[in-house]
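Chemist: Quick one, structure for this:
(one chain, ligands or ions: 1)
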Amino acid sequence: MKKFFSLMAAMAILLSVTAFVGCSDDSKRSKYTIEGTLDAANRTINAKMELDFYNDTQSELETLAFHLYPNAYKEGGSLTGADTSAAFSQGKSFGGIDVSGVTVDGKEARFEIEGDIMTVAIPAVMPTQRTSVSMNFSVLLPQAAHRLGYLEGKYNLGNWYPVLCAFDTEWKTHPYYVFGDPFDSTVADYRVSLSYPEELKAVSTGGVGENGVLNVSADNVRDFAVVIGDFNIKSANVNGIKINYCTEGEEDYTPLITEAITFFSDMFGNYAYKEYSVVKTAFYSGGMEYPALCYISDVLDEKAAEEVIIHETAHQWWYAAVGNDQVNEAWLDEGLTEYSTTVFYEKHPDYGVKRESRIADSLTSYSLYCEIYAHGEQQPMRKCVGDYVNNAEYTFNAYVRGQIMLDSTRILIGDGAFFDGLKLYYKLYSGKVAKAEDFVGAMEKASGRNLQSYFEGWLSGKAHLYSVS
Ligand SMILES: [Zn+2]
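Modeler: The predicted structure is shown next:
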């Protein structure tokens, strides 16, 4: 996701401060097959899903757990109780998901739904074994400019189907927190077939639909999103990758998208998918990343849209290909993505944005934020998104402090080691879920230096930035 920060944002906090005294081997992946229909008049998706589950954990499993993210949009759900007014400009509107007819290996199965988590009982499945789970589901889209929602003729299907939870020593059943992009999933293969009104266009993680039918596949992806609307689709090709820019307007960002895909491929390693789509849609804040697809908000001015496109495209490397636990280590994708945006601008001076000024802005706004919010204290980056007290705390620590830390690391170990470290990190963890120590390890290997205490200082909040005052 792209959040904007600025000195103005830090000042806005001052004014309101009293308010807050996996595995990429084909044979070892789970496979989703989803067949459904968009009932446009009723803002509803009716679908059948089969998950051919591969047990890539070290544990014998007797349950499978799924996130039912659409239930966060139910009355009383985690997204409706918080201040999400920017997304619900039409007033209150609710969504949700109903699941029925759950079977395991063809036999009716017991399942329980609590909030936005569904647990399905299965006969014991040993590591490396498979089992097949089927279900019907029906999703009601809220009238909202959110990851999931319908507004002004555009249907955003983000996090819309039952998504298998990540597994650590047990299923990770975190709620759909309001702050951050609270998602954590392993890669899988998808076959998705979705029908929709013929006069509209559908674009997805697996590509573009035709004549009212989306019939696509996407392998080795950690999520699958779709956007449907009355779009003009502008396309280009770069190094065998098809690029789509989808808009209701006339503007064309395919040159910028092509430049970003080419640049990040050169800097970090080849783009991981066969297609990439950027969709201008109803979205309340900046943009939102999914594998091989991103949203950008339809209310951005030209300069902001440009920055969001660069940022969301960098997420194809940091979040989509190299996954991370976005709930507990949000800086790992957001900090890297924000800094990748800075490096893009640095190497493309025609856009008129300097590395030095982006870092100086980050330092100034972060220092001001700490002065105002935390009485001069620095804050930890290693924090669950559910523990942030407000959006500003999340944004300044995951994005802004993340970016400052990475620029500081680059100065410390030098450009050669820093970019070698990023290439190594991408090579080692593409298609997997990386942790902070994996990132630190890649930087240590590339630089030949012990960086444990250096990174610990940043992540724990003990490393002090110098004050610009
Ligand atoms: Zn982001």
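Chemist: hey, let's count contacts and neighbours off CA atoms from now on
Modeler: OK.
Chemist: Now do the contacts for the closest residue to the ion within the stretch 51-200 of the chain.
Modeler: Going by C-alpha to the ion, the ion is nearest to residue 181 of the stretch 51-200 of the chain, at 8.4 Å. Residue 181 is in contact with 1, 326, 327, 330, counting by C-alpha atoms under 8 Å, 6 or more residues apart in numbering.
Chemist: repeat that for 10 Å
Modeler: 1, 147, 288, 289, 325, 326, 327, 330, 334, 385 (C-alpha atoms under 10 Å, 6 or more residues apart in numbering).
Chemist: Same check on residue 146?
Modeler: 73, 84, 86-88, 155-158, 281-285, 288, 297.
Chemist: cool, and residue 176?
Modeler: Counting by C-alpha under 10 Å, 6+ apart, the residues that residue 176 touches are 67-73, 77-79, 115-117, 182-183, 327, 386.
Chemist: One more pass at 6 Å, please.
Modeler: With C-alpha atoms under 6 Å, 6 or more residues apart in numbering as the criterion, no residue contacts residue 176.
Chemist: now it: how far from residue 273?
Modeler: Counting by C-alpha to C-alpha, to the nearest Å, the gap from residue 176 to residue 273 is 27 Å.
Chemist: Distance from the chain centre to the host helix or strand of residue 216, please.
Modeler: Assessed by DSSP states H and E, residue 216 sits inside strand 213-221. With C-alpha atoms, centre = their mean, to the nearest Å as the basis, strand 213-221 stands 18 Å off its chain's centre.
Chemist: Sheet partners, orientation included, of the helix or strand that that strand is followed by?
Modeler: Note on strand 213-221: by DSSP H and E, the next helix or strand toward the C-terminus is strand 226-229. On the basis of DSSP bridges, the sheet neighbours of strand 226-229 come out as strand 154-157 (antiparallel), strand 201-204 (antiparallel).
Chemist: Of the contacts of residue 181, which pair is most distant in space?
Modeler: Longest distance between any two of the contacts of residue 181 is 18.6 Å, between 147 and 325; criterion C-alpha to C-alpha.
Chemist: still on that earlier bit, what is the mean pLDDT for the strand holding residue 216?
Modeler: Averaging pLDDT along strand 213-221 gives 98.
Chemist: Counting neighbours, show which residues of that strand come out buried.
Modeler: 213, 214, 215, 216, 217, 218, 219, 220, 221 (16 or more other C-alpha atoms under 10 Å).
Chemist: for stretch 338-350, same thing?
Modeler: Using 16+ other C-alpha under 10 Å as the test for burial, stretch 338-350 gives 338, 339, 340, 341, 342, 343, 344, 345, 346.
Chemist: what's the distance between the closest residue to the fifth one other than its chain neighbours and the ion?
Modeler: This means residue 342. Leaving aside its sequence neighbours, residue 342 sits nearest to residue 355 (C-alpha to C-alpha, 6 or more residues apart in numbering; 5.7 Å). From residue 355 over to the ion the distance is 18 Å, taken as C-alpha to the ion, to the nearest Å.
Chemist: Was I right to think residue 355 contacts residue 347?
Modeler: No. Counting by C-alpha atoms under 6 Å, residue 347 is not a contact partner of residue 355; they are 8.9 Å apart.
Chemist: buried stuff in whatever helix or strand residue 421 lives in?
Modeler: Assigned by DSSP H and E, residue 421 belongs to helix 415-429. Within helix 415-429, the residues that count as buried by 16+ other C-alpha under 10 Å are 417, 418, 419, 420, 421, 422, 423, 424, 425, 426, 427, 429.
Chemist: Once you drop chain neighbours, what's closest to the fourth one?
Modeler: What it means is residue 420. residue 446 is the one closest to residue 420 (C-alpha to C-alpha, 6+ apart), at 5.9 Å.
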